[in-house]
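>>> Just to be clear, the model below is a prediction. Sequence and coordinates:
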Amino acid sequence: MTHGVEVGNFQTIQFKLADMSAGIEAARWRLRHAAGLKDQIHGAYGYSTDFPIERMYRDAKVYQIWEGTSEIQRMVIGRQLLKEY
């Protein structure tokens with residue numbers, strides 16, 4: 001506690017936690033991306049709804065738009081991390 005307030009309630013701390021979490025997830029996605037590039041080239045399959053890769057690319061953008069600005073996303077991530085841990 002700092003000045004009677006839990007440290008996790010400070011927006012700056014939530015942003016730092018969100019940034020760290022985003023960095024970890026980004027590293028995971030880069031690893032998966034690199035493995036995918038080595039494994040295959042999607043070609044038209046990336047646009048076909050018959051394959052999961054199309055949904056993954058589409059969902060990535062939808063979630064970015066749906067959640068709002070990056071600052072709001074960072075606050076949401078920070079708060080969720082504090083709830084989980």
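Right, received. Where do you want to start?

>>> Quick one: end-to-end distance for stretch 33-47.
Start and end residues of stretch 33-47 are separated by 17 Å (Cα to Cα, to the nearest Å).

>>> low-confidence ranges in the protein?
The model of the chain has pLDDT under 70 over residues 1-2, 38-39, 41-42, 63-68.

>>> any idea how far residue 53 is from residue 4?
50 Å (Cβ to Cβ, to the nearest Å). Backbone N, C-alpha and C define where each C-beta goes, glycine included.

>>> more crowded one of these two?
For the pair residue 53 and residue 4, the greater number of neighbours falls to residue 53 (15 against 5), based on other Cβ atoms under 10 Å.

>>> give me the element that one is part of.
Following DSSP states H and E, one finds residue 53 within helix 52-67.

>>> could you point out which element follows that helix?
helix 70-84.

>>> what inclination does the longest helix along the chain have with respect to helix 70-84?
When the chain is parsed with DSSP state H, its longest helix is helix 11-39. In terms of direction (axes from the mean of the first three to the mean of the last three Cα atoms, to 10 degrees), helix 11-39 departs from helix 70-84 by 100 degrees.

>>> now for helix 11-39, which elements pack on it?
helix 70-84 (3 or more Cβ pairs under 8 Å, 6 or more residues apart in numbering; DSSP states H and E).

>>> What are the buried residues along the helix it packs on?
73, 74, 75, 77, 78, 79, 81 (16 or more other Cβ atoms under 10 Å).

>>> Contact partners for the closest residue to residue 14 other than its chain neighbours?
Once flanking residues are discounted, residue 14 sits nearest to residue 78: 2.7 Å by Cβ to Cβ, 6 or more residues apart in numbering. By Cβ atoms under 8 Å, 6 or more residues apart in numbering, the contact set of residue 78 is 8, 11, 13, 14, 15, 16, 17, 18.

>>> wait, what's in contact with the last one?
By that I understand residue 18. So residue 18 contacts 73, 74, 75, 76, 77, 78, 81 (Cβ under 8 Å, 6+ apart).
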